[in-house]
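# this is a predicted model, with the sequence first.
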Amino acid sequence: MRFGFETPLSFQSEPVPQGRQIAGWATLVQALNLRAPVRQPSCISEKHVRGSQRQEGRWRVFDKRYYPGDQFADHLTFALWHEDIDLLILRLVLAAVPKPVLENYVRSAPTGAMTRRA
């Protein structure tokens, strides 16, 4: 499942920092049109970030090396790996995604740590 949308100007009433692209839980909530609060949204900078990540207001900003990709599996793996696990969002995401997409995700790395978490 490919996410092909532009990063919104704001996410849940919070402006997205300029030159950043939302990632992880924020992307999953936005792309799947879920009604769930993302407590600490993440975004990827277009530039290098000293120390790989930093806090900018409500946003956790990651270095451009952390860009996960455009696929569902990429953002789910990013969220499980780099963000705090939010079981409400995870439950809603797994319910909203078509079953074949989830099956492909599990088959891609059946013994992987992030796949087992999901």
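Ah, there it is.

# which residue is nearest the middle of the chain?
With the centre of the chain defined as its mean C-alpha position, the nearest residue by CA atoms, centre = their mean is G24, 0.9 Å away.

# for that residue, list the residues it contacts.
By CB atoms under 8 Å, 6 or more residues apart in numbering, G24 lies in contact with 41-42, 68, 75, 78-79, 82-83. (Glycine included, C-beta is placed from N, CA and C.)

# next: P15.
Contacts for P15 (CB under 8 Å, 6+ apart) come out as L9.

# surely L76 is in a strand?
No: checked against DSSP: H, G, I helix; E, B strand; the rest coil, L76 lies outside a strand; its state is helix.

# ok, it - contacts?
28, 93, 105, 114, 118.

# same deal with F78?
For F78, the contact set (CB under 8 Å, 6+ apart) comprises 23-24, 42, 66, 68.
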